[in-house]
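# below are the sequence and a predicted model for it; my questions follow.
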Amino acid sequence: MARVLRLTGMRMIAAIDGGLSCRQAAEHFGVSAASAIRWRGHLKEAGDIVPKRQGGDHRSQRIEAHSQLILDAVTVKPDITLAELRDLFKRRGISAGIASLFQGRKITLKKRQRTPPSNGAAI
């Protein structure tokens, strides 16, 4: 998909360099005028229209800076809940959501195994 967009972008930029306006080129290639303008601007700035990486993790570095605090809290209280960890962060002035605390760690919302089924129960 990125390759198709890049080829379309290159053709569109060539059309703009050939005399079409950004809006005319966008209409011709079936993209929005804003995209054509952004691609043209990116070409002027960076010299190429390679798309940026999409998605990925943007927040874990902020939490990882406090990983020792999490590890110490789990060491002191092995059955600490995620809500308690979040409250610990809040008391120290650190904003963190519950989901961000257990990403990449072996910490789950459930702290104990489910009760095994009874031997006398019909299955």
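All right, it came through fine.

# domain assignment for the chain?
2-46, 60-102 (automatic domain parsing).

# and residue 20, how many residues sit next to it?
Look at residue 20: counted by other Cβ atoms under 10 Å, it has 17 neighbours. For glycine as for every other residue, the C-beta is placed from the backbone atoms N, C-alpha and C.

# same question for residue 82.
Neighbour count of residue 82, defined by other Cβ under 10 Å: 18.

# test my guess that it contacts residue 96.
No: with contact defined as Cβ atoms under 8 Å, residue 82 does not count as touching residue 96 (9.8 Å).

# need the winner for burial among the domains of the chain.
domain 2-46 (a mean of 15; mean count of other Cβ atoms under 10 Å).

# so where is this protein shaky, pLDDT-wise?
1-6, 51-52, 56-60, 101-118, 120-123 (pLDDT under 70).

# could you rerun that using 50?
Of all residues in the chain, none has pLDDT under 50.
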